[in-house]
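Visitor: Below is the structure, and that's it, no one-letter string:
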């Protein structure tokens, strides 16, 4: 053991771990640049390195990228990587009220702790955990996805019906494209762009980030409330909060480790499950979603624990736990390291050196993460709105392009952003749509596979409701689902409190009509899905048809409730209509110009147009010039970095 | 920017592309697009080629992923990419033959300019090492006694795994159930976790999983060198030689001489003893089908074979 420790801590490896964590953190903080991509770019470089150094570098980048995803989630409401979705739920509200620095320090501490738990589990418990993961069959994956979906009850804040409808919409979005289980082409409306389905990461960027950009330009107010005084890292406060949440951290890290060890589940589900459990066991669950530090801690400790957890099936079974693991597995094969059952028992040095390297990288993440986090926070808080909007907008465009090198994905990202913005103003929050989109495919695959197996065995009921593991997940789901309604249920029992809980103001005719229209639109989506399911084979049709029928039922209930109570929840949307509309229009125009002008030039034009949209006071010529030049320079630097450092084939245009 | 300059720029680019002859190729790094996610057989073999490419031809081979629609997203965009030989894409059989028959997936088999099929993964029946099935006959007996209840995991529908299941059911006169998973990794996971009775996989599964699994038979003409103890289906009386072929294609606009050169380059990598050993140890089998008449004949023969199998599998009408 000691020799592995020594070889992991050689000066070169320490340097590589440090470099990897720093680079990973920066890459992960940019929406659209995922850990998978960061690791994939590195693979050829590692061919010329010693296998252990190569692995340490890749592990460090990976772990840094998962943590870096928290920055954009907290400061821009945009998960930098899908693992950070649940970080937005409380991180962004914290940042809004001026606690962004605290949220980032907390994210760093929680990530380090979770990362250590995951890496230690990999060191000590890998073979038994891998066996436990194998007990998860298709049906368990289905129920796990349903468990993730049960969070919508909590996330939709009293607008439960609207939350469910939004989730159904997300589930239907996930059905677009060629179905993996039945190979049928579904809901593409003849478009080749939609064959591969909606790309999840670019959809996330659109749904979460575009609404923020639109609201940013609407008023001259600052993006985040700046701190009144210089407060440093607020490390003492952060440590105290962590201690208060000690069970939360531990539970979330364990959840992250185990979910990470499930091949194909990954960081996003781990974060959601940990968040859901943290909320349920909290004494003040109502604070979650409104800036409760426990929410950030739960997600960030869980998603970094998936790094170590994900390596468990990768190294023990030779089956990648998460997409970045798949890339690392490929690199290992090239290096001549054969993963699989014998790797651990043969005492292969490289594995232990790697695990110690991962531990080292995780510990290094504490100082590195705090420093970079401090910088990121300062940059976002201090940046004038008219610089922030164009640069963030360009990041969303180039980031969603880079995932599949597809301009269509950028277009879809912007369209989904507009849908998300309108829907959230109508009380349909974005998060249920995202949950549906992420969990839809996992749920469908598990369901169809479980159905096929159960049908073949002649025991469908036993397949779905007779397996002990399934029953545990079902029970947890029911608890999560019912929990948010506890106050109402209690109120029903003791009549005294019943009346005052919800004072529904009877909304104006206009507001009711707007709600009727939005129900109508969602109803139309469901109707199209039901109609198109008619021409698909049974395997491809069963899931979307069931969801669409359920959606119609929920819309009907919501409609009746609306007529009876005239209770409408609208979010106010103050500010300039022209400026708000201009954001998606300018971005769309840039997407159309990219094939002609190239990425950098079209991006620069978009940046200049967006400066105009976001700038309120009149600036003198000189500051205006400085602003414009710096925005254009940053955009060119980004294009250069993506094209020449990350190897993304950006369309060059004609010039 | 006037119209004239734009046209001039277009002409200049066009001229530059035609002038770049095959002699200098490759003049810069070559983008190698895998139309699947990382970790699968296409990715792993591309990574194997990567270092040999750099050593032999002095330029980087940059692997990137464009997953979606079981490969359809990548293949439907291939012909829109720059045709100077510096963009190449992985292709798979039977995917590029069966998919276009299933509906409009944005490309036709003929749209794809196949350059070289460099390896294949022979179909194999794999069972959990702890199961009672010691031979193929054990499994067939079980399947006869438990019609439909004998479940096989496999990667995708209309794929080599799926077609193999249908063909073998016919040959052995059994009725089994195929459960489609997303990728070989997920199908193996289901096998190791005893969620299914057996797996229709490839010889590569035997290489990665070692003594955790047992291969009962492989669909090759002769036994795989890495698994001398595993019989072929033919030895056991089932005339079945099948698997998934993988290769490289280029955009349609790629000049003829560059196509030839690239084909020769891939052949050269395939001939390298170290590369061959790496591939065979990984459970792959090499194949040598280069650009030109041999590719046309190969594609025609395979199309007939796969389409017939896919029809009887009910994957296409």
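Guide: Yes, it's here. Because the structure is a prediction, the values reported are computed rather than measured.
Visitor: And for the residue of chain A found nearest chain B, nearest residue in space, chain neighbours not counted?
Guide: As assessed by C-beta to the nearest C-beta, chain B sits closest to residue A:196 within chain A, at 2.1 Å. The way it works is simple: take the backbone N, C-alpha and C, and place the C-beta from them, glycine included. Spatially, and ignoring its direct neighbours in sequence, residue A:196 is nearest to residue B:68 (2.1 Å; C-beta to C-beta, 6 or more residues apart in numbering or on different chains).
Visitor: Where does the prediction get shaky in the stretch 201-350 of chain A?
Guide: Residues of the stretch 201-350 of chain A that meet the criterion pLDDT under 70 lie in A:226-232, A:340-342, A:344-348.
Visitor: anything in the helix or strand containing residue A:476 sitting right up against chain B?
Guide: Counting by DSSP states H and E, the element that carries residue A:476 is helix A:468-482. No - for helix A:468-482, no contact with chain B is found by C-beta under 8 Å from any C-beta of the partner chain; the gap never falls below 10.9 Å.
Visitor: what's the answer for stretch A:123-136, then?
Guide: Yes - judged by C-beta under 8 Å from any C-beta, stretch A:123-136 and chain B are in contact via A:134-136.
Visitor: and that stretch, which residues are buried?
Guide: A:123, A:126, A:129-130, A:133-134, A:136 (16 or more other C-beta atoms under 10 Å in any protein chain shown).
Visitor: Need these in JSON lines (columns: pLDDT).
Guide: What follows is the buried residues of stretch A:123-136, written out as JSON lines (pLDDT from 0 to 100):
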{"residue": "A:123", "pLDDT": "89"}
{"residue": "A:126", "pLDDT": "87"}
{"residue": "A:129", "pLDDT": "89"}
{"residue": "A:130", "pLDDT": "88"}
{"residue": "A:133", "pLDDT": "87"}
{"residue": "A:134", "pLDDT": "89"}
{"residue": "A:136", "pLDDT": "89"}
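Visitor: how close does residue A:265 sit to residue A:309?
Guide: 10 Å (C-beta to C-beta, to the nearest Å).
Visitor: hang on, the earlier thing: the buried residues of stretch A:123-136 in helices, which ones?
Guide: Residues of the buried residues of stretch A:123-136 located in helices (DSSP state H): A:123, A:126, A:129-130, A:133-134.
Visitor: Between residue A:265 and residue A:309, which contacts overlap?
Guide: Residues touching both residue A:265 and residue A:309 (C-beta atoms under 8 Å, 6 or more residues apart in numbering or on different chains): residue A:259.
Visitor: more neighbours, those two?
Guide: Between residue A:265 and residue A:309, counted using other C-beta atoms under 10 Å in any protein chain shown, the more crowded position is residue A:309 (38 against 25).
Visitor: residue contacts, that one?
Guide: The neighbours of residue A:309, taking C-beta under 8 Å, 6+ apart as the test, are A:118, A:121-122, A:129, A:256-261, A:270, A:321.
Visitor: any idea which helix or strand carries residue B:125?
Guide: Secondary structure from DSSP H and E places residue B:125 in strand B:113-128.
Visitor: If I take the next helix or strand along the chain from that strand and strand B:113-128, what angle do their directions form?
Guide: Heading C-terminal from strand B:113-128, the first helix or strand you meet, by DSSP H and E, is helix B:136-145. Relative orientation of helix B:136-145 versus strand B:113-128 (axes from the mean of the first three to the mean of the last three C-alpha atoms, to 10 degrees): 80 degrees.
Visitor: Tell me which other helices or strands the helix holding residue A:476 touches.
Guide: Contacts defined by 3 or more C-beta pairs under 8 Å, 6 or more residues apart in numbering or on different chains; DSSP states H and E place helix A:468-482 against helix A:138-149, helix A:152-155, helix A:267-281, helix A:460-465.
Visitor: and the ones you listed, which is most packed in?
Guide: helix A:267-281 (a mean of 28; mean count of other C-beta atoms under 10 Å in any protein chain shown).
Visitor: Tell me which helix or strand in chain A has the weakest average pLDDT.
Guide: For chain A, counting by mean pLDDT, DSSP states H and E, helix A:498-501 ranks last in confidence among helices and strands (a mean of 44).
Visitor: For residue A:416, give me its contacts.
Guide: Taking C-beta under 8 Å, 6+ apart, one finds A:198, A:203, A:206-207, A:210 in contact with residue A:416.
Visitor: Over to residue A:37?
Guide: A:27, A:402-403, A:646.
Visitor: do stretch B:273-290 and chain A meet at all?
Guide: Yes - using C-beta under 8 Å from any C-beta, stretch B:273-290 reaches chain A at B:278, B:282.
Visitor: which residues sit against that stretch?
Guide: With C-beta under 8 Å, 6+ apart as the test, stretch B:273-290 has contacts from A:333-334, A:336, B:41, B:44-45, B:48-49, B:52, B:115-122, B:202-208, B:220, B:224-227, B:243, B:245, B:247, B:263-264, B:266-267, B:269-270, B:295, B:298.
Visitor: mind listing what's buried in that stretch?
Guide: So for stretch B:273-290, counting by 16+ other C-beta under 10 Å, buried means B:275-276, B:278-280, B:282-285, B:287, B:289-290.
Visitor: Count the residues that sit near the residue of the stretch 201-317 of chain B found nearest chain A.
Guide: Nearest residue of the stretch 201-317 of chain B to chain A, counting by C-beta to the nearest C-beta: residue B:208, 4.3 Å away. Using other C-beta under 10 Å, the number of residues around residue B:208 comes to 25.
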